[in-house]
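Colleague: Any chance you can model this:
(one chain, ligands or ions: 1)
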Amino acid sequence: MEATFYDQVGGHVFFVRLVDNFYAEVETNELLRPMYPEDLTDSKHHFEMFLEQYWGGPRNYSEERGHPRLRMRHAPFHINRAARDAWLAAMSIALDHERHDLSEDELKELRDYFDMAAHQMRNV
Ligand code: HEM
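Modeller: Residues are numbered from 1 along each chain as shown. The predicted structure follows:
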């Protein structure tokens with residue numbers, strides 16, 4: 001069986017680290033931080049499970065949260081161009097931390113995906 005992208009980039013450990021680094025940026029961002037709950041534990045957990053599932057890893061997200069319906073789940077938040085760009089900038093910094101451990105192709109695949117997904121999440 002061919003390895004999934006999830007396995008290829010380092011599995012659970014990789015996604016935990018990526019999400020931690022992403023939220024470290026969210027925590028200091030004055031536009032993004034107020035959108036998220038005070039305690040980020042669940043937010044991190046949900047995002048991490050979602051990404052693992054998306055990239056071919058364990059399907060815990062759907063077991064715990066049901067169908068992703070990401071656009072619907074983001075509807076309560078005011079995601080304009082500035083919020084989307086701030087989110088993408090935070091993710092870009094988190095991905096920069098991984099640049100020594102990933103191939104150019106892997107990095108590009110992740111960046112392209114987040115870019116596409118963030119454009120879809122804009123709702124204002
Ligand atoms: C475009 C800018 C975005 C903003 C401002 C944003 C903001 C948020 C906020 C405020 C939450 C709620 C956190 C919580 O309730 O704990 C959330 C949840 C989430 N976001 Fe985003 N988000 C964005 C884009 C994305 C993208 C591109 C993805 C996927 C690649 C994503 C995946 C998720 C997931 C999986 C959750 C948890 C859903 C659940 O409740 O199960 N978000 N986001």
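Colleague: so what's the most centrally placed residue in the chain closest to, chain neighbours aside?
Modeller: Closest to where the C-alpha atoms of the chain average out (C-alpha atoms, centre = their mean) is F47, at 5.8 Å. Among residues not flanking F47 along the chain, V19 sits closest, at 5.3 Å (C-beta to C-beta, 6 or more residues apart in numbering). C-beta here means a position set from N, CA and C on the backbone, and glycine is covered the same way.
Colleague: residues touching that neighbour, list them.
Modeller: Shown in contact with V19 (C-beta atoms under 8 Å, 6 or more residues apart in numbering): K44, F47, E48, L51, A94.
Colleague: distance of it from the ligand?
Modeller: 10 Å (C-beta to the nearest ligand atom, to the nearest Å).
Colleague: Also L51?
Modeller: 7 Å.
Colleague: Over to F47?
Modeller: In terms of C-beta to the nearest ligand atom, F47 sits 5 Å off from the ligand.
Colleague: got the residues of this protein near the ligand?
Modeller: Proximity of the chain to the ligand, by C-beta under 6 Å from any ligand atom, involves residues 32, 35-37, 42-43, 46-47, 50, 65, 70, 73-74, 77, 79, 83-84, 87, 114, 117-118, 121.
Colleague: what residues are up against the closest residue to M49 other than its chain neighbours?
Modeller: Nearest residue to M49, sequence neighbours excluded (C-beta to C-beta, 6+ apart): Y61, at 3.9 Å. Contacts for Y61 (C-beta under 8 Å, 6+ apart) come out as H46, M49, F50, E52, Q53, P68.
Colleague: Alright, calling it a day.
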